[in-house]
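1. sequence and computational prediction follow.
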Amino acid sequence: MTKMSSDARVRIGLEIHCQLTALRSKLFCRCSADYRGKEPNTNVCPVCLGMPGTLPLLNRRAVEYAIMLALALNCKISKRITFYRKNYFYPDLPKNFQITQYNAYEHASVGVDGSLVLDDLNGSSKTIRIRRLQLEEDPGRLAYEGSIDTANYALVDYNRAGVALVEIVTEPDFDEPSEVRLFLNRLASILEHLGICNPALEGAVRCDANISIGEHARVEVKNINSFKDVERAVAFEITRQRSLASRGIEIRGETRHWDDARRITVQARMKEEEEDYRYFPEPDIPSIVVKEEDVEALRARMPELPYARVERFVKVYSLSSDTARILVNEKHLADLFEASTKYYDNARSIANWIVTDLKGYLERYASYDRNSKGDDGSSNSIFAKVTPRHIAELAMLVDSGKINRVTARQILQNVVASGMLPSAIVQGMDADMLSKKDELESIVNRVIEEERKAFMDALSNEKALNYLLGKVMRYSNGRADPKLALSMLKEKVADKSKGGK
Amino acid sequence: MVGTSRFALNAYELVNEIKNGSISVEDYIASMFERIRKMDERINAYITLNEHALEEARIVDKALKGYTEWKGYSNGNGNGNSSILLGVPLAVKDNISTQGIRTTCASKMLEDYVPVYDATVVKRLKDAGAIVIGKTNMDEFGMGSTTEFSAFGVTHNPWAYERVAGGSSGGSAAALASCMAGIALGSDTGGSVRCPASFCSIYGLKPTYGLLSRYGLISYANSLECIGLMARSVLDLALMLKVTAGSDMQNDHTSIDADTSLSLDPESISPDIKGMRFATIREVVESEGIDEPVRDSMLDAISSVEQLGAIVEEVSIPSLRYALASYYTIAMAEASSNLARYDGIRYGYTEEPDGVAWNEFYSTIRGNFGSEVKRRIMLGTYVLSSGYYGRYYMKAQKARALIRDDMLKVLKDYDAIMMPTMPILPPRIGERVSDPLRLYNIDVCTVLANLAGVPALSIPYSMYNGLPIGVQFMARHLDEPLLLRIAYALESARCDKVRRCII
Amino acid sequence: MVGIEEVRHLAYLARISIKDEELRLYAEQMDEILAYFNMLDELNVSDDVEPYRMCRAYNEMRDDVPVAFSDNVLSNAKNTKGRFIKAPKMSS
C-alpha cells in the first residue's frame, strides 16, 4: 500500500433528502403530508400501508415542486420522468420496496447535471455539480422500548411512510467542510424561497456525506441531524482518514454513523450478506412525458430565487453584495429587511442592523441552527416579537443620534423580552433609567412572587429566566437596565437553588 | 320458475324474472347457497362464501317492492347502470379485494386477511345490483394455469371431475359452468380468465389493458394483468362490461378513459360478421404443441366464421417465438417485487416477532408461500439482479415491444386474430404440475394479448369426448364491441351445438 | 447454470426459507427455466427499440388534495403495541 502525503486531495460529496413540506398530501396517496405530532399509525391509508391491491397515485404538485427545484439548481429536466422500484426488506417500508428513481438505464430522474455556485467563499467562487435530483417516498419510522440494544422487537409507525422526498446527489466537488455548510445554507435558502420545504422542521432536510482522500476508498456517513453536524462529521472523518492513512492503515469503504453526543463517526452495523436492490421501472406509474412548454410554464411560475434577490438588493437598495447575501441566505431575514424598509427608507442602515446586531443576537441567545433536530422554534418566537416596525425604529433611533449602538443592542434585548416598541422603551429610559440595584429590587421581587412557577422552572431552565426578565421590563415600563435585571434574577435563582437543597 | 333450471338462467334473463316479480332475490340466493353446499364438495370452486349475501338480497327485494329506491350499495353513482344486474349472484376470484369478505389469493400467507375496501370493479358491479356470493378458488396469487397450486385444494372441472378446471381463475369458471353463480370475475395475467373459460365451456374476456380498473386486484404482474369478465352468454358479458369499464383515475393511474358504454348496449350488438377479416397465425397453427382435437375444432371454427361471411387468412409473426420467454420473465420479475410485502407485519399470516432476528422472521414467515410462488419469486429475483437486468428483463421488455408492434401491424390489416384458446384439452389433475416448464408452455396462445395489451375473448366452441374446447379472438385496443359481435354471431349460429353449463 | 449456492442466495434476497433437501430440485427446475429464457439473448434488437412502457401526459396526475382514510386500516395487524405495529428487530 502506498503511503499518502497529508495533502492528498479530499473529496466530499453530499446526498441530501428534502421533504416537500409545503405539499398537502403524500407523494402516492391522499394521506396528509403533515405527519408530525400525530398518534402512531393514524396518518395512514391502504395505499401507503401497501395493502394488497392498492396502487400508487402520483401527486402532480410534487412533480412540479421537484422540477422547480431542479430548475433552481440548473438541472436538465428529463423528457420522460420514470419511477423505479428499489427492492429491499425493512420493517419501515410497507411494500418492502421503495418507489424512487434510478438513472442507470435511462435519464429517469426529474433532473440531472445541475450545479450550484458558491460565490461567497472568501472572495472566490466555486461550482458544485449536481449529479441528479429525484423524487421518492419517505419510509415510516422505527421506535424501541428502552434502547435499540435492549428491546426485543421494533415498533413501527407508518405515519411518515409515503411523504414526498426530493433527493439531491452532488458530485464529490467539496474540498472543505466549510464549503459543505455553505452549500447547505444556500440550498436551504433556495428551498425557502421556492416555498416547497421548511428546513427548520425536524427531519425536513437530512444529509448524508461521502468522504475520500487521495485514492483511498470512499466512506459514507449517515444519520447526521443538523447542518452544523454535517460540517463537524465531515471534519472528523477527514481527520480520522488522514490519521489512518498516515499510519499506513487501510481505509475501508464502509458506512459510518454520526454519533452526535460523542461527536465522532462510528462504524454502522454490517449487513449479513450483500444486498442487491434489483431496480426496475415501477409498472403502476406510467412514465411522465414532460414537454418543453410544461417546463417553461413552471419556470414562469417560480418565485424570485436567492441569486436574483441578492442582485436586486444590491441594485435597488445599494447594499454590498456581502450584506445582501447574508440577508438572502435566510429568507426570513431578507423578508424582514424588505418589510422594514417600508417604515424607514434607509435600507443600508436597516440591513446593517439585521446582519450585525439582530443576527448576532440570534446566534448568541437562541439555540440557532437553521436545521437541527433540537430546533424548538426559539428563533421563531423571536421573530414573532421582532417585527419590521421594531427594526425600522431601532435603525432610525441610531441614525438620528438619539441612542448609540450599545444602547440599541440593549433595547433589542428588551424588545425580544417585552415586545415593546423601541421608541416607547427609549422614552422610558429617557425619563429615568432604573439602574440602581435597590430601585430594581422591588420590581424583581414582585415578579418572583407573582411568577412562582416560572421562577421554580428557572432553577433548571434558562428560558424561564428570559420570561421573568420580560416581566421585569414590562413592570418597569422598559426603564430597567436589562443586564442588571438579569444578573439580579440569576442571583435570586442561585440563592434559591442553594437554599432549596 | 321452479326446479334447478332457473340456476342456468343467463344473467339478463334472471334480471327480467326478478324485475317482473317471478323470482325473489332472497329465495334465489338462499337456494343457490343450498346448491353450492351440495355441489361444491366435489368441485371446490369457492374458498369463502359471503355471509352477508342474504342481507343484501333482502335489500334488493325491498327496493323492488317499491319500499325504497335502489341506488346501489354505495349511495348510487348515478351512471345509469344502477339496476342492470339487480340480484345477479356474482362470484369473485379470491385475488380481488372485497370489503369485509376474506380475500386469500388462495395462499396461506393471506389465509385470514379481510380487506377494508372494495375493488373498483366489485364496487361498480355491486352498485349495479349484483350480489357477491363468494370468493373463488385459484392458483396461489394467480400463478398457474390449472388451479392446482391453491392452498385450499384443487378445483375440479364440472364437465369431468378428474380433470382440472383450468387456471388461474378456475374457481370462477367452474362456479359458472356448474350454475353456482350467475356471472363471475377472474383476473388474466397471461390467460388466467380465458384458459379456465375454455376448459369449462363459458365465455372469458380479457379486456384492453386499463379498460377495467386494477384497483383492488392483488398484484401478481402489474403491467400484464387485468380483471377479466366471465359469463355464460355474450349479452351477460356485454352487461358486465358496460357496468365495469371506464376510467378510474381516482384509484388507478394506469386505467384508461374510454367511453365504450354506447356500443356495449346489448340491443346494439349484432350477430353480423359478414365481411370481417380474421387472421390466423402460422406459428400457432403449425406448432407441435397443439392437440389434434383442438386443431380439428379450430379448423371447424374457421369454416363456421367463413360460413357467416368472414374472411380468414393466415399470416406469420416470427417474433411470437419469444412470447413465452418474454412473458414469464416480466411476470416473474414483477411478482418478485409485488409479493415482497407479505412479511407478516401489517397483515396476513404471522408469528410472534419478539426476540426473532428480522431476516429470520421474514424468511420463516415467507417460507409459507407455495412452491410455485417461491419458484417464481426466486426466478424474478434472479432476472432483476444486477448484471442480469440487461440480459433478461430489458430484453424481455424489448421483445414485448416487438411482439406488440407485430400484432398491431396484423390488426391493422385484419379485424381480429383467431386461434385456439388452449393448445390442449383439460389435463387430468396432477398430470402437469411436476414439470413447470411444460406447464408454462400451455399459455402459448393466451399470453400474446397480455403482452400487447389488446382485448381477447375465449368463446366456448365445441366438445370432444365431453371435454370443452374454446376458440379465441384478439382485437385492437378498445375493440371489445367487435369481439362481442363475433361471439354473438357464433353463439347464435351454434346454440344447439354448445352447452355452457351443466345442471 | 443455477447451482445450490445460487438458490440459497436468491432465497436470501427474497427472504424465503427453503429446506436444504429442496434446494437441488429448485436449482434443477430454475436452471431449466432460465435456459429457456436464454433465447431472449439471441433476439437481436437494436438499441432504438424502446422497451415496452406505459406513458402519460404531464397533466394526468393526482391533485394535491388530502383525504383522510377513516376505516381502521390496522384491523389486520396482529402484532401490535398500542397504536404501534410490532416488527422484528434488526439483528445486531
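-> The structure has been received and is ready for your questions. In this text, all values refer to a predicted model and were calculated from it rather than measured experimentally.

2. and residue A:319, how far is that from residue A:186?
-> Distance of residue A:319 to residue A:186, computed by C-beta to C-beta, to the nearest Å: 18 Å. C-beta coordinates here come from the backbone N, C-alpha and C atoms, glycine included.

3. likewise residue C:75?
-> Plainly put, residue C:75 is 47 Å away from residue A:186 if you go by C-beta to C-beta.

4. of those two, who's got more company?
-> residue A:186 (21 against 10; other C-beta atoms under 10 Å in any protein chain shown).

5. these two touch, right, that one and residue A:119?
-> No - between residue A:186 and residue A:119 there is no contact under C-beta atoms under 8 Å: 9.1 Å.

6. where does pLDDT dip in chain C?
-> Applying pLDDT under 70 to chain C flags residues C:91-92.

7. and it, which residues reach chain A?
-> Taking C-beta under 8 Å from any C-beta of the partner chain as the measure of proximity, chain C contacts chain A at C:9, C:12-13, C:15, C:53-69, C:73-74, C:79, C:81-92.

8. got a PyMOL select line for the buried ones in those residues?
-> Buried residues among these (16 or more other C-beta atoms under 10 Å in any protein chain shown), as a PyMOL selection:
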select buried, chain C and resi 9+12+13+15+53+54+56+58+61+62+64+69+73+74+79+84+85+86+87+88+89
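
9. among the residues of chain C next to chain A, name the ones in helices.
-> C:9, C:12-13 (DSSP state H).

10. let me see the domain layout of chain A.
-> Here the domain assignment for chain A is A:10-298, A:358-500, based on automatic domain parsing.

11. highest mean neighbour count out of these?
-> domain A:10-298 (a mean of 20; mean count of other C-beta atoms under 10 Å in any protein chain shown).

12. can you give me the helices for the stretch 1-150 of chain A?
-> Assigned by DSSP state H, counting those that start in this stretch, the helices in the stretch 1-150 of chain A fall at A:60-72.

13. would you map the strands across it?
-> A:10-19, A:76-77, A:80-81, A:84-87, A:97-100, A:111-121, A:124-137, A:141-143 (DSSP state E, counting those that start in this stretch).

14. could the ones in helices among the residues of chain C next to chain A go into JSON lines alongside distance to residue A:489?
-> Shown next, in JSON lines, are those (distance: C-beta to C-beta, whole Å):
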{"residue": "C:9", "distance to residue A:489": "67"}
{"residue": "C:12", "distance to residue A:489": "63"}
{"residue": "C:13", "distance to residue A:489": "63"}
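
15. give the contact list for the residue of the stretch 101-250 of chain B found nearest chain C.
-> The nearest approach of the stretch 101-250 of chain B to chain C comes at residue B:116, 4.7 Å away (C-beta to the nearest C-beta). Contact analysis of residue B:116 by C-beta atoms under 8 Å, 6 or more residues apart in numbering or on different chains lists A:46, A:51, B:99, C:71-73, C:75-76.

16. are we agreed that it is in a helix?
-> No - under DSSP: H, G, I helix; E, B strand; the rest coil, residue B:116 sits outside any helix and is assigned coil.

17. any idea which of the strands of the stretch 1-150 of chain A has the lowest pLDDT on average?
-> Among those, strand A:111-121 carries the lowest mean pLDDT, a mean of 91.

18. that one near chain C anywhere?
-> No - judged by C-beta under 8 Å from any C-beta, strand A:111-121 and chain C are separated, with a smallest distance of 14.9 Å.

19. packing partners of that strand?
-> Under the contact definition 3 or more C-beta pairs under 8 Å, 6 or more residues apart in numbering or on different chains; DSSP states H and E, strand A:111-121 sits against helix A:60-72, strand A:76-77, strand A:124-137, helix A:177-194, helix A:321-329.

20. close to chain B: what parts of chain A are there?
-> Residues of chain A lying near chain B (C-beta under 8 Å from any C-beta): A:46, A:49-58, A:85, A:87, A:89, A:91, A:94-97, A:105, A:152-154, A:156, A:272, A:276-280, A:283-286.

21. show me which of these neighbour chain C.
-> With C-beta under 8 Å from any C-beta as the criterion, the residues of chain A next to chain B include A:46, A:49, A:51, A:57-58, A:89, A:91, A:152-154, A:156, A:272, A:276, A:278, A:283, A:286 near chain C.

22. who are the contact partners of the residue of chain B most remote from its centre?
-> Going by C-alpha atoms, centre = their mean, the residue of chain B most distant from its centre is residue B:355, 43.2 Å out. When contacts are counted by C-beta under 8 Å, 6+ apart, residue B:355 touches A:152-153.

23. find me the pLDDT at it, would you?
-> Residue B:355 carries a pLDDT value of 91.

24. same thing with the one 10 residues further on?
-> pLDDT recorded at residue B:365 is 97.

25. of all the domains of chain A, which one is nearest residue B:337?
-> The closest of the domains of chain A to residue B:337 is domain A:10-298. By C-beta to C-beta, the value is 5.4 Å.

26. how long is the closest one end to end?
-> Distance between the two ends of domain A:10-298: 38 Å, counting by C-alpha to C-alpha, to the nearest Å.

27. and stretch A:20-36, by the same measure?
-> Stretch A:20-36 stretches 13 Å from its first residue to its last (C-alpha to C-alpha).

28. and chain C, is that stretch touching that?
-> Yes - applying C-beta under 8 Å from any C-beta, one finds stretch A:20-36 touching chain C at A:23-25, A:30-33.

29. what number of residues lie near the closest residue to residue C:13 other than its chain neighbours?
-> Distance criterion C-beta to C-beta, 6 or more residues apart in numbering or on different chains; nearest residue to residue C:13, sequence neighbours excluded, is residue B:381 at 5.1 Å. For residue B:381, the count of nearby residues is 27 (other C-beta under 10 Å).

30. my read is that residue B:381 contacts residue A:278, right?
-> Yes - counting by C-beta under 8 Å, residue B:381 does reach residue A:278; the two are 6.6 Å apart.
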